[in-house]
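Chemist: sequence plus the predicted model coming up.
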Amino acid sequence: MSVVIGIDVGTTTAKVIAVDTTSSWRVAAFREYQLAEPHPRWQVQNPAMVLDAVDRALAEVVVACGGRTVDVIGVGSAMHGLVALDEDLRPLTDIITWADTRAYAEAAALRAEGRARELLHLSGTPVHPMSPLVKLRWFAANDTSTAGRAHRWAGLKDLVLLHLTGKLVTELSTASASGLLDLGTRTWADSTLDLAGLRREQLPEVLPTTALLELSPQAAERVGLPAGIPVNTGATDGPLGNLGTGAIEPGIAGLSMGTSGAVRTVVPEPRLDEGGRLFCYALTDDAWVTGAAISNGGVVARWAGEVYAPDVPPGPLRDVQVLAMAEQVPAGSDGLVMLPYLLGERAPLWDPELTGAFLGVRHAHGRGHFIRAAIEGVALQMASIVDVLDSVTPITEVRCTGGVFRADLWRTVMAATVGRPLVPTDDAEGSALGSAILALYATGRAESLAAGLEMLSPRGEVPDPITVLPEDRTAYAGLRGRAAHLLGAYDELQAYLEALEPSS
């Protein structure tokens, strides 16, 4: 019996799965690590801690495989990471994650100069502090010592591949999320290298996401596998999430929701909206994921529960009790609306300096209203992204994944708000399964991504869409229309809110 292994190196967890290609057997292992904030706005990972977690999770899965032969290892990771390496390819810095917003001033300057639209359509990556291009400009302006000592710059995925294979390379998916790639030529762009202050040789070679490397003797000894096993360069977690949940067919969008959230759909070639609200990242040479992400997802509802229901005791039933308060409130929260920008926001406005607000507050509003309005505010953000996606490629169905959808309230609010059939999917393995599927395709054992999906995760019948009450659908359709006007007028409101903030 033989298996394929999929790895997903996330923001706080390394996930590894092994899947038998001929039966339902599979096993998974998880190792967590900290996301550190050594300074305000900084969100970083310790490279040694992350790589040790990958080794330990992979070694656990190898033991669980018993006598099964491992055919190939696929690697996926969170996107937008950046790390400086010295001449011996050892990290000079922590891994600066997508959540790090230290480069907010550099992003604002590029937008003020009118460069944002040009750079987005060149590279597929929005001008935002998450972008490695913008992070590199921060180093050039604020940490010249590190910038001068950096022999090479790499992403999170590149570091993991180096750790497993001894080769410093990147692949098209990670490169397309860097802000440095020319989507047309699929090579590093001269103009973005100039903006970043880099020489071309400081960046890794860009390989296809289907390229195969070999497990190094050192890595093989650490995890208990034979050296030379094929290691697929793989892709980033967003595109792999679509693949792992089967949201790869035309017209189907994948919606994921955890602490943050995203909506993506697969298109055959790079595709962006004229308004500059979507990103575009590669899955393979001829499968690209366009969509957008929000920073304020489930974290907003958790915050609302902590603020408005502090008397609910901690424990496994806390979330259930908090959501029960919101369930007593009708759809639309009796006119209360939340703009849920608690953290530096990404889509659809791509402005990390946005702040949140409750609008339409009345004396009759209780804590259940504020909690429900928080959930509705997040759902409206996601629905706005679905609508933008629909303007680029028609969206007829949305498949949702994420822990929040275990709650009926989240399911019904999101289903009513997006205005399209919302189908729940099992995301227990998520992007790690996508890594395994892509690896299977890379070796030629699957003739297509869809065939690889069927081999590793037979779907059978698609679940029924979540049921929506007609009155809820009507209420949220109206609210969605009004929310668009609120977003359009938000610049003036934001200026007023910023004036109220105490100076730092």
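Modeler: Done, it's in.
Chemist: just the buried positions in stretch 183-191, please.
Modeler: Residues Leu183, Trp188, Ala189 are the ones in stretch 183-191 that count as buried (16 or more other CB atoms under 10 Å). In this view, the C-beta of every residue, glycine as well, is placed from N, C-alpha and C.
Chemist: reformat those residues as a markdown table; add distance to Arg68, secondary structure and pLDDT.
Modeler: Formatted as a markdown table, those follow (distance: CB to CB, whole Å; DSSP: H, G, I helix; E, B strand; the rest coil; pLDDT from 0 to 100):
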| residue | distance to Arg68 | secondary structure | pLDDT |
| --- | --- | --- | --- |
| Leu183 | 40 | coil | 96 |
| Trp188 | 40 | strand | 98 |
| Ala189 | 44 | coil | 98 |
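Chemist: and which of those is nearest Asp319?
Modeler: Leu183 (41.0 Å; CB to CB).
Chemist: so that closest one sits against Pro270, correct?
Modeler: Yes: in this structure, Leu183 is within contact of Pro270 by CB atoms under 8 Å, at 4.6 Å.
Chemist: tell me, what's touching these two both at once?
Modeler: Common neighbours of Leu183 and Pro270 (criterion: CB atoms under 8 Å, 6 or more residues apart in numbering): Gly124, Cys280.
Chemist: give me the number of residues near the nearest residue to Ser333 once chain neighbours are set aside?
Modeler: Take Ser333 and drop its neighbours on the chain: the residue closest to it by CB to CB, 6 or more residues apart in numbering is Ala373, 4.3 Å away. Residues within reach of Ala373, counting by other CB atoms under 10 Å, total 29.
Chemist: surely Ala373 is in contact with Phe358?
Modeler: Yes: in this structure, Ala373 is within contact of Phe358 by CB under 8 Å, at 6.6 Å.
Chemist: and the residue of the chain most remote from its centre, what does it touch?
Modeler: What lies farthest from the middle of the chain is His363; by CA atoms, centre = their mean that is 38.5 Å. Going by CB under 8 Å, 6+ apart, His363 touches no other residue.
Chemist: give me the pLDDT for it.
Modeler: Note for His363: predicted pLDDT of 97.
Chemist: and the helix or strand containing Ser435, how far out from the chain's middle?
Modeler: Assigned by DSSP states H and E, Ser435 belongs to helix 430-442. Centre-to-centre, helix 430-442 and its host chain are 16 Å apart (CA atoms, centre = their mean, to the nearest Å).
Chemist: model confidence over it, on average?
Modeler: Mean predicted lDDT for helix 430-442 stands at 94.
Chemist: what helices or strands is the helix or strand that that helix is followed by leaning on?
Modeler: Counting by DSSP H and E, the element after helix 430-442 in chain order, helix or strand, is helix 449-456. Packing contacts for helix 449-456, counted by 3 or more CB pairs under 8 Å, 6 or more residues apart in numbering; DSSP states H and E, involve helix 237-244, helix 430-442.
Chemist: hmm, back to that, look at the residue nearest to Ser333 and tell me its secondary structure.
Modeler: Assigned with DSSP: H, G, I helix; E, B strand; the rest coil, Ala373 falls in the helix class.
Chemist: export the helices and strands packed on helix 449-456 to CSV and tack on distance to Val312?
Modeler: Converted to CSV, the helices and strands packed on helix 449-456 look like this (distance: least, CB to CB, whole Å):
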stretch, distance to Val312
helix 237-244, 32
helix 430-442, 29
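Chemist: those: which one's closest to Leu122?
Modeler: Leu122 lies closest, by CB to CB, to one member of these: helix 237-244, at 19.4 Å.
Chemist: which residues touch the following helix or strand past the closest one?
Modeler: Going down the chain from helix 237-244, the next helix or strand is strand 252-257, by DSSP H and E. Residues outside strand 252-257 that contact it (CB under 8 Å, 6+ apart): 241-242, 245-247, 261-265, 291, 297-298, 378, 382, 386, 389, 395-405, 410, 414, 418, 422, 427, 430.
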